[in-house]
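Q: please find the sequence and the predicted model below.
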Amino acid sequence: MEVVTELYKIPNLSLALGFFDGVHLGHQAVISAAVDYACKNNCKSALATFKSHPSEILYNKGFKYIYSKEKKYELISELKIDYVIELDFEKIRSMSAKEYLENILINYFSPKAIFSGFNHTFGLNKSGDANFLEQNKYKYGYEYFSVPQKMLLGEIVSSTIVRKSIEDGDFNIANNMLNRNFSISGKVIEGKKLGRTIGFPTINIVYPENIVPPAFGVYCVNVILPEGDKYKGIANFGLRPTVSNKKEPLLEVYILDFDGDLYYKMVEIEFVNFIRYEKKFDFRSR
């Protein structure tokens, strides 16, 4: 998979549109449809996305993503897409839907086919949508496919629902919609090593600032080490009120059946199940 950060002409593409944060079941359906079309029609597949989420630029500088860009592209690559075309939203935010279609999609990619989710919008004031793409397909000579919504557990699969579920600590919903365990990666830092004094040595990870955080609490997790080995673990995410007065949340993980030095190494933590909310224990003698 090639990541394209500067526009150049790549004609005759099977082109999927969207930001694809989370690469959830709905996103997977759109991308897979574009890849399948490319395989059947002897052309390359591509995904047109943005360097930053439009909502972060338009409304909220503190916007939280489901995955880092590196993780998102790793997941997209697994779906066998040929190109990820990374557009700069700042440069095109004032374009109308017609200008975006003509000046970017048609001019640079001459798509054989365009795919989007049923609710995808684009252009100034979200003036472009599935109907707009359908109405213009003969004018510009592409086929258009609107991929229907995916339903799961009585909800439309969406990045909004995934984010809300993670914030609530509900990984039954989040992980089913993602079709995988939600995970974050981080470097192991040194802590106070208090766990060692009670026989439970832990690793500490600063939670990524731009990734949506789960509810403060205790979770069943999987820990994936740099070499790829996977261990079960118990994680506390929060302010650790029993042992700390810190204001910044920390992810502290006890790894089951593991004994080794992970300081300053990158590990991946998969959130599996919620156990309980974080609470302060009283260890004073009685």
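A: That came in fine, so what should we check first? Residues are numbered from 1 along each chain as shown.

Q: and the helices in the chain?
A: Shown for the chain, the helices assigned by DSSP state H span residues 25-40, 54-58, 69-77, 89-92, 97-99, 107-109, 130-135, 137-140, 159-167, 171-178, 194-197.

Q: could you export those helices as CSV, including mean neighbour count?
A: C-betas here are computed from N, CA, C, even on glycine. Compiled in CSV, those are given as follows (neighbours: other Cβ atoms under 10 Å):
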stretch, mean neighbour count
helix 25-40, 20
helix 54-58, 14
helix 69-77, 17
helix 89-92, 14
helix 97-99, 16
helix 107-109, 17
helix 130-135, 15
helix 137-140, 12
helix 159-167, 19
helix 171-178, 21
helix 194-197, 13
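
Q: residue 212 is nearest to which of these?
A: Residue 212 lies closest, by Cβ to Cβ, to one member of these: helix 159-167, at 4.9 Å.

Q: tell me the angle of that closest one relative to helix 171-178?
A: Our comparison of helix 159-167 with helix 171-178, counting by axes from the mean of the first three to the mean of the last three Cα atoms, to 10 degrees, yields an angle of 150 degrees.

Q: mind checking how far helix 159-167 is from the chain centre?
A: Put simply, helix 159-167 sits 11 Å off its chain's centre (Cα atoms, centre = their mean, to the nearest Å).

Q: list just the one of the helices of the chain that sits closest to residue 14.
A: Closest approach to residue 14 among the helices of the chain (Cβ to Cβ): helix 25-40, 3.9 Å.

Q: which helices and strands does the closest one pack with?
A: In terms of contacts (3 or more Cβ pairs under 8 Å, 6 or more residues apart in numbering; DSSP states H and E), helix 25-40 is packed against strand 13-17, strand 44-50, strand 113-117, strand 143-147.

Q: can you mark which positions in the longest one are buried?
A: Buried positions in strand 44-50, judged by neighbour count with 16 or more other Cβ atoms under 10 Å: 44-50.
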